[in-house]
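In: I would like the atomic coordinates for the input below:
(one chain, ligands or ions: 1)
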Amino acid sequence: MTAGPADRPQPDDRLSSLRGARIVLGVSGGIAAYKAIELCRQLVDAGAHVSPVLTKGALRFVGAATFSALASEPAETSLFGGAHPIPHTRLGQGADLVVVAPATARVLGSYAAGISSDLLGATLLATRAPVLVCPAMHTEMWQHPAVQENVATLRRRGVHILEPLAGRLAGGDAGVGRLQEPEAVVAEAARLLAARATAVSRDDYAGRRVLVAAGGTREPIDPVRFIANRSSGKQGYAIARAAAKRGATVTLVTTVALDPPPGAEVLEVETAAEMAEAVLSRAPSQDVVVMAAAVADFRPAAAAPFKLRKSDGPPELVLEPTPDILAELGRARRAQVGKGGFAPVLVGFAAETEDLVERAGEKLRSKGVDLVVGNDVAAEGAGFAHDTNAVTIVSASGRVDVPLASKREVAEAVLDAAARFFDPSTPSIAPEKESQ
Ligand code: PMT
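Out: Numbers count the residues shown, from 1 in each chain. Below is the predicted model of the structure:
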């Protein structure tokens, strides 16, 4: 009996980015390989063109014939002897997305080490498409430092990791290591393809000027010592790069020297006062100002002109507040708006360790800005110095949660949220009280 139109799965709009997408589905050798069969079916049902690649290990758990029957083309299992002379470049170069589910510890290790000893390994190296890796293994293996380091290496390189769940494992064990359900993998694949499509086609910042402040300020105690913080500047630079890619003319006020976007104006500063001068003097000519920098709240009231000597005993540091740049931007904008002047979209950050959304909301109101990116700096893999981040973007009209993702992806989400204010009908925040 063949399925009639009523029996066919109805298209789900949230999965529309999968329609017509060319997906390489890598399957490696673990008990969870059986779930990859359902995953393959769901991807095909959502309209994707799926090319399965099975490792030798996978073939011990599932059959190539099953995948060939369900997928859009026959399953490939070897670098040699198939229909195509160079299968890994055909697959890797033609893919819009590569999904590896399940990914064993071996696959994670060889991918991190750049080893191409089988078709899946070679395809992973031959692709420039986004890669979504879904590990599955026993808890002890997943938590092993070698595996965790490989995962961290892959994340640093921009590979998307869908972490395993806690639950029942093979052999009656239970713990973290269970492959994510096919529906979750399909949803993540759809999200990545949608994000890629918008990133490729977006030029919504063309003709706009964006100023980003990045890095942590250093407040001198004496000529050799300073008060600093853990900011690496990575999140700010990611925003500057993403804005430039989307067509903006970028000014970067920074305390650190990373790779700026080509053509950006880069102003190197060190202290909160220098950052304040650079940002406040340029802000009126900007369309968007993003304060991703970790600015010291206090500085030594007077830096010693000479190196403090240990033999003189511990110095007594008298601290004074630094200029609050973001609050000053909020104030200056209110003054400009009152006179009918031009006013940039203002984006602040809030590095918090508790009550993230409430505190981000408080900063939004007290500093009189349009968006506050709440950054839970206590969360694993998020905040200072990591390559990944997890944020909640708070505005007058609601919030957007961005779960753990690369700082580039967080940057895109921040720019998406800021771009909404280019439409004059988007409500801005009504300032309440002075900053804390
Ligand atoms: O640089 P990375 O290692 O990539 O890490 C990124 C980050 C954690 C530094 C970044 O995501 C972040 O959260 N930046 C803000 C850090 C911070 O100083 O938060 P805050 O809650 O103390 O400050 C609130 C806002 O006021 C910030 O936008 C800050 O730039 C601004 N501020 C603070 C003090 C001050 N004197 N002037 C300011 O403008």
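In: For the residue nearest to the spatial centre of the chain, which residues are in contact?
Out: Centroid-nearest residue in the chain, with CA atoms, centre = their mean: Ser406, separated by 2.4 Å. When contacts are counted by CB atoms under 8 Å, 6 or more residues apart in numbering, Ser406 touches Arg155, Gly158, Ala238, Asp387, Thr388, Asn389. Just so you know, the C-beta spots here come from the backbone N, C-alpha and C atoms, and that holds for glycine as well.
In: Same question for Ala113.
Out: Contacts of Ala113 (CB under 8 Å, 6+ apart): Asn150.
In: what about 10 Å?
Out: By CB atoms under 10 Å, 6 or more residues apart in numbering, Ala113 lies in contact with Gly121, Asn150, Thr153.
In: for Val377, same thing?
Out: By CB under 10 Å, 6+ apart, the neighbours of Val377 are 230-231, 294, 349-353, 356, 383-384, 386, 389-390.
In: ok now the lengthiest helix in the chain, how far from the chain's centre?
Out: For the chain, the helix that runs over the most residues, judged by DSSP state H, is helix 182-201. With CA atoms, centre = their mean, to the nearest Å as the basis, helix 182-201 stands 13 Å off its chain's centre.
In: right, is stretch 379-394 up against the ligand?
Out: Yes - under the criterion of CB under 6 Å from any ligand atom, the ligand is reached by stretch 379-394 at Gly383, Phe384, Ala385.
In: which among the residues you listed end up buried?
Out: Among the residues of stretch 379-394 next to the ligand, the ones that count as buried by 16 or more other CB atoms under 10 Å are Gly383, Phe384.
In: would you turn the residues of stretch 379-394 next to the ligand into JSON lines with secondary structure and pLDDT?
Out: Supplementary listing: those in JSON lines, determined by DSSP: H, G, I helix; E, B strand; the rest coil; pLDDT from 0 to 100:
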{"residue": "Gly383", "secondary structure": "coil", "pLDDT": "96"}
{"residue": "Phe384", "secondary structure": "coil", "pLDDT": "97"}
{"residue": "Ala385", "secondary structure": "coil", "pLDDT": "95"}
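In: what comes up buried for the longest helix of the chain?
Out: With the criterion 16+ other CB under 10 Å, helix 182-201 contains buried residues 182, 185-196.
In: before we move on, back to that, quick check: of the contacts of Ser406, which lies closest to Glu316?
Out: Asn389 (37.4 Å; CB to CB).
In: show me the contacts for that closest one.
Out: 234-235, 238, 373, 375-377, 379, 381-383, 402-411, 413.
In: All the helices of this protein, in order from the start?
Out: According to DSSP H, the helices that the chain contains are 33-45, 56-59, 64-70, 87-94, 105-113, 119-126, 139-143, 145-156, 182-201, 234-245, 272-282, 325-338, 356-367, 407-419.
In: Arg359: neighbour count?
Out: For Arg359, the count of nearby residues is 18 (other CB atoms under 10 Å).
In: Distance check, it against Asp370.
Out: From Arg359 across to Asp370, the span is 17 Å (CB to CB, to the nearest Å).
In: and of the helices of the chain, who's closest to Val288?
Out: Nearest of the helices of the chain (CB to CB): helix 407-419, 5.1 Å.
In: tell me the mean pLDDT over the closest one?
Out: Average pLDDT, helix 407-419: 93.
In: Any regions of the stretch 101-250 of the chain where pLDDT drops low?
Out: Scanning the stretch 101-250 of the chain for pLDDT under 70 picks out the ranges 199-201.
In: do the same with the stretch 251-400 of the chain
Out: 338, 340-342.
In: The ligand contacts on that one?
Out: So the stretch 251-400 of the chain meets the ligand at 272, 291-295, 297, 322, 324-326, 348-351, 363, 375, 377, 383-385 (CB under 6 Å from any ligand atom).
In: Next, the contact list for Val100, please.
Out: 24-28, 36, 53, 55, 107-108, 111, 120, 123-124, 131-135, 159, 162.
In: tally of neighbours for Val373?
Out: 28.
In: That one touches Lys407, doesn't it?
Out: No - in this structure Val373 lies outside contact range of Lys407 using CB atoms under 10 Å: 11.5 Å.
In: any common contacting residues for the two?
Out: Gln235, Ile239, Ala292, Asn389, Val391.
In: which of the residues you listed lies closest to the ligand?
Out: Gln235 (3.5 Å; CB to the nearest ligand atom).
In: Distance-wise, check the closest one relative to Val347.
Out: For Gln235, the distance to Val347 - CB to CB - is 12 Å.
In: Give the intersection of the neighbour lists for these two.
Out: Val212, Val290, Ala292, Val373, Val414.
In: and the residues you listed, which two are the farthest apart?
Out: Pairwise over the shared contacts of Gln235 and Val347, using CB to CB, the maximum falls at Val212 and Val373, 12.1 Å.
In: Next one: the residue lying closest to Val357 once chain neighbours are set aside relative to Leu371, how far apart?
Out: Nearest residue to Val357, sequence neighbours excluded (CB to CB, 6 or more residues apart in numbering): Thr392, at 5.6 Å. From Thr392 across to Leu371, the span is 11 Å (CB to CB).
In: follow-up on the earlier one: from the contacts of Ser406, which is closest to Ala46?
Out: Gly158 (24.0 Å).
In: Look at the closest one and say how many residues are nearby.
Out: Neighbour number of Gly158 under other CB under 10 Å is 12.
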